[in-house]
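Peer 1: Got a sequence here, can you build the structure:
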Amino acid sequence: MDKNVEYLLRLLKSYLYDEPVPVPEEDIDWDFVIKAAAAGEVVSLIYKKLNELPQENRPSEEVMGRLKDFSSQRGFEKIYQYNIYAQILQIAKERGIPVISFKGAVLADLYPEPFLRNSCDIDLYVDPPYLKDMEQLLVELGFVKNEEHSKECVPVYVLQNVLMIEVHCCLFEDYKGRQIDKLKGMDLTRQDKRICMEACGLEITTMGHEDHLVFLLFHLIKHISYNGCSLKTIIDIVLFINAYWEQISKENFWKKMKYLGYDAFCRTLFSVGVCYFGLTEEIFIDASYSVNIAKSTMEKLYQTGIIKASLDNAKEDRRASSIAFQSFYEEEKKDVSWLRMWLKALFPSSKDLSFRYMYARKHPSLVWVAWVHRAFHHLTVRCMHNKEGQINMAGDVKLATQKLTLLKELDLMNKD
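Peer 2: Okay, here's the model as predicted:
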């Protein structure tokens, strides 16, 4: 694996468990490390450890200054956001609106410095009969509904571009298929399984730990299959398991993973967690942890861009992931032809179009208009010799092929 990626992973582990900072044994490309950390949503975590390095081994003072400012700003923003969050929870309690908090504060509380965990929104779950009441509450507090990003089961509300709230009345948004039916059948938000706890100074209600872990894995798999995941998402799961594995029935958990067809994937993911992020081996029900599998998988995740490593190629990774996702969706476990890949690259579904074509995402019947619009835009960009705006379909198809191969190895094919 690239030495800079290796160093970033070691740096993160030293932060998570307050271990001595690893001193680079060779020259490190700090620009690459910081960009990879930003793409992985962990850049705010590394400043403290970098500051512990000897002066001659750390990034320049200018870079360190920017990292310090970014981390401080992130922390202050989170404190402000969670103050508003506390207000929402308090009013909801007074009005008898049952609210389940998931991800967000529950996960942030597991970090050494909770307010440095990166997140762009706060996720709430309310039972469908209370959805309108929660929406009214948010409007009264000054939130405005973002129609562009809202879904039928997940309206999105924004407060002055400072805080975004996603109100779920279904954990699985508008996804459909056999896996979703199985997950819904598990009833992860069932009232008698909910627990109360304190997280980030908030008194919250959340899902039971076992149910929450099942959801976190679904959430990760969704991102891996569709548009790639961040290091933060993997770290979230590692810290969650380390904190609560004694309160999770391993037998029940692995039965659920086998029922969902995710058991092979979890063994691989947990191997990565043990090898790179300090995951406890106690989560394994058998001796299936493998260092070789962990190292091979991590390298492939980075090579294919499934773990986001660069802000520069984020769009290309997103397109390639979309092509891969569409190509195996509802297909049997077999090789996908290049013709099918190219057709998906040329004619993406309405959901896989960029926000430039939001009209087609909102109204799928207009997808053909978006195809024409997209082709015209691409030709215009080429004529203007704007390399950054060009769509490299051949490169996307090649990368998508690599991602499909890895998805097969992770046993995530044909799991809609």
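
Peer 1: Please name the bridge partners of the closest residue to residue 149 other than its chain neighbours.
Peer 2: Leaving aside its sequence neighbours, residue 149 sits nearest to residue 156 (CB to CB, 6 or more residues apart in numbering; 4.7 Å). C-betas here are computed from N, CA, C, even on glycine. When bridges are called by DSSP bridges, residue 156 pairs up with residue 166.

Peer 1: Can you show me the strands along the stretch 101-250 of the chain?
Peer 2: Residue ranges of the strands in the stretch 101-250 of the chain, as given by DSSP state E, counting those that start in this stretch, are 122-125, 144-145, 156-159, 163-168, 195-199, 202-206.

Peer 1: now the longest helix anywhere in the chain, how far from the chain's geometric center?
Peer 2: With residue count as the measure and DSSP state H as the assignment, the chain has helix 61-94 as its longest helix. Going by CA atoms, centre = their mean, to the nearest Å, the spacing between the C-alpha centre of helix 61-94 and its chain's C-alpha centre is 19 Å.

Peer 1: now do stretch 1-18
Peer 2: When C-alpha coordinates are averaged (CA atoms, centre = their mean), stretch 1-18 and its chain have centres 19 Å apart.

Peer 1: Over to stretch 148-164?
Peer 2: On CA atoms, centre = their mean, the centre of stretch 148-164 falls 18 Å from the chain's centre.

Peer 1: That one - what's its average pLDDT?
Peer 2: When the per-residue pLDDT values of stretch 148-164 are averaged, the result is 90.

Peer 1: Just the buried positions in that stretch, please.
Peer 2: Taking 16 or more other CB atoms under 10 Å as the basis for neighbour counts, the residues of stretch 148-164 that come out buried are 149, 153, 154, 155, 156, 157, 158, 163, 164.

Peer 1: same check, this time on stretch 23-35
Peer 2: Within stretch 23-35, the residues that qualify as buried are 24, 28, 30, 32, 33, 34, 35, counting by 16+ other CB under 10 Å.

Peer 1: hang on, the residue nearest to residue 149 packs against residue 144?
Peer 2: No. Contact between residue 156 and residue 144 fails when scored by CB atoms under 8 Å: they sit 9.9 Å apart.

Peer 1: Could you verify my assumption that residue 99 touches residue 127?
Peer 2: No. With contacts counted by CB under 8 Å, residue 99 stays clear of residue 127, the gap being 9.6 Å.

Peer 1: now residue 144, which residues is it bridged with?
Peer 2: When bridges are called by DSSP bridges, residue 144 pairs up with residue 158.

Peer 1: Quick check, it in contact with residue 157.
Peer 2: Yes. Between residue 144 and residue 157 there is a contact at 6.7 Å, judged by CB under 8 Å.

Peer 1: gap between residue 139 and residue 407?
Peer 2: 41 Å (CB to CB, to the nearest Å).

Peer 1: where's residue 184 relative to residue 85, distance?
Peer 2: When distance is defined by CB to CB, residue 184 is 27 Å away from residue 85.

Peer 1: if I pick the nearest residue to residue 68 once chain neighbours are set aside, what's in contact with it?
Peer 2: The shortest distance from residue 68 to any non-neighbouring residue, by CB to CB, 6+ apart, is to residue 47 (5.8 Å). Contacts were defined as CB atoms under 8 Å, 6 or more residues apart in numbering; by that measure residue 47 touches 64, 67, 68, 70, 71.

Peer 1: So what's the residue count around residue 256?
Peer 2: When neighbours are counted by other CB atoms under 10 Å, residue 256 registers 21.

Peer 1: how much space between it and residue 218?
Peer 2: 11 Å.

Peer 1: cool, and residue 266?
Peer 2: For residue 266 relative to residue 218 (CB to CB), the value is 11 Å.

Peer 1: More neighbours: which of these two?
Peer 2: Summary of the neighbour comparison: residue 266 and residue 218, criterion other CB under 10 Å, with residue 266 having more neighbours (25 against 20).

Peer 1: Toward the C-terminus, what is the element adjacent to the host helix or strand of that one?
Peer 2: Element membership of residue 266 [criterion: DSSP states H and E] is helix 263-277. Under the assignment DSSP H and E, the closest C-terminal helix or strand after helix 263-277 is helix 291-303.
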